[in-house]
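Structure here, sequence nowhere to be found:
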């Protein structure tokens, strides 16, 4: 093959490859859309039994007194940060005492209307 025909072949091969990738991606997005819409259909064949809420009752769980815990976890000021006009809290919530597992939580109250604004709680660990 001479150089012009080789270049033409490579260019056409590249263009065809790009179209095939685009077509394949389009098919995947259509399949995903169909799956998403079928989940909301009452006659759906999708097994959603794993997504149903279950009522778990821990009969052997011990709940200890929480008196004074909120103020104990209060963060007055973060290092290197300016003073703020809202309350913030941080601490550990024990998940499994015997395995030594706990979540670290960071909670910030809204500066105004904290009774009506949504709650955001950051958990980290496990």
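Yes, it's here. These numbers were taken from a predicted model, which means no experiment stands behind them.

so where do the helices sit in the protein?
Applying DSSP state H to the chain gives helices spanning 3-39, 69-72.

and those as CSV, adding mean neighbour count?
C-beta coordinates here come from the backbone N, C-alpha and C atoms, glycine included. Output for these, formatted as CSV (neighbours: other C-beta atoms under 10 Å):
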stretch, mean neighbour count
helix 3-39, 10
helix 69-72, 10
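
ok, of these, where does mean pLDDT dip lowest?
Among these, helix 3-39 carries the lowest mean pLDDT, at a mean of 76.

on that earlier part again, columns distance to residue 94 on top of the helices of the chain, output as CSV?
Output for those, formatted as CSV (distance: least, C-beta to C-beta, whole Å):
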stretch, distance to residue 94
helix 3-39, 36
helix 69-72, 12
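
Looking at those helices, which is nearest to residue 119?
helix 69-72 (14.4 Å; C-beta to C-beta).

Off-centre distance for the closest one?
28 Å (C-alpha atoms, centre = their mean, to the nearest Å).
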